[in-house]
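Visitor: Model the following, please.
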Amino acid sequence: MRATIELLSNTKNLSYKERLTMLNIPTLKYWRLRGDMIEMYKIITNKQDSDVTLKFNIIPAAITRGNIFKRRQDHVRYDFREFSFPNRVRTLWNSLPDTVVKAESVNSFKGRLNRVWNDQQVKYNQKADIKGTGSRSNVV
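Guide: Numbering: from 1, shown residues only. Okay, here's the model as predicted:
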């Protein structure tokens with residue numbers, strides 16, 4: 001926040017959200033969610049070393065709506081597993097359309113994800129959430 005004020009004096013009287021929008025700088029929350037989706041893509045498509053990555057249970061595409069790499073809900077007994085990476089990103093990952101998850105490369109995935117998430121409020125508002133991630137919603 002302070003850096004945006006010091007960089008441009010005409011942003012001094014604007015709110016944090018207005019400064020981010022004016023400077024076209026996404027929120028830290030947006031970057032974290034985007035980073036999680038990129039890591040998930042790398043793991044699912046074996047773009048990372050398979051010896052050190054997590055293993056995921058994928059639902060066969062023929063029996064479900066959503067993308068072809070949709071993750072199954074794992075049974076969780078303890079809170080620390082509930083908030084682990086695989087369970088934390090499952091709903092958001094499952095909400096992505098096939099056109100995004102079928103990307104041929106990581107850079108292609110990033111570009112498609114940016115296009116799909118371009119109008120999300122979380123991009124400039126840290127209190128917002130990604131729309132279209134409900135249990136029955138596949139539209140982002």
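
Visitor: per-residue pLDDT, the residue nearest to Q126 when sequence neighbours are not counted?
Guide: Distance criterion Cβ to Cβ, 6 or more residues apart in numbering; nearest residue to Q126, sequence neighbours excluded, is T27 at 4.4 Å. Using the backbone N, CA and C atoms, a C-beta is placed for each residue, glycine as well. T27 is assigned a predicted lDDT (pLDDT) of 91.

Visitor: Tell me who's in contact with T27.
Guide: T27 is in contact with 20, 122-126, counting by Cβ atoms under 8 Å, 6 or more residues apart in numbering.

Visitor: which of those count as buried?
Guide: Neighbour counting by 16 or more other Cβ atoms under 10 Å classes 20, 122-125 among the contacts of T27 as buried.

Visitor: Save those as a markdown table, and put in secondary structure too.
Guide: Converted to a markdown table, the buried ones among the contacts of T27 look like this (DSSP: H, G, I helix; E, B strand; the rest coil):
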| residue | secondary structure |
| --- | --- |
| L20 | helix |
| V122 | helix |
| K123 | helix |
| Y124 | coil |
| N125 | coil |
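
Visitor: Can you give me the distance of the residue nearest to Q126 to K17?
Guide: Computed with Cβ to Cβ, to the nearest Å, the distance linking T27 and K17 is 9 Å.

Visitor: Ok, M37 next?
Guide: 23 Å.

Visitor: More neighbours: those two, which one.
Guide: Of the pair M37 and K17, M37 is the one with more neighbours under other Cβ atoms under 10 Å, namely 22 against 15.

Visitor: Tell me the spacing between that one and N46.
Guide: In terms of Cβ to Cβ, M37 sits 16 Å off from N46.
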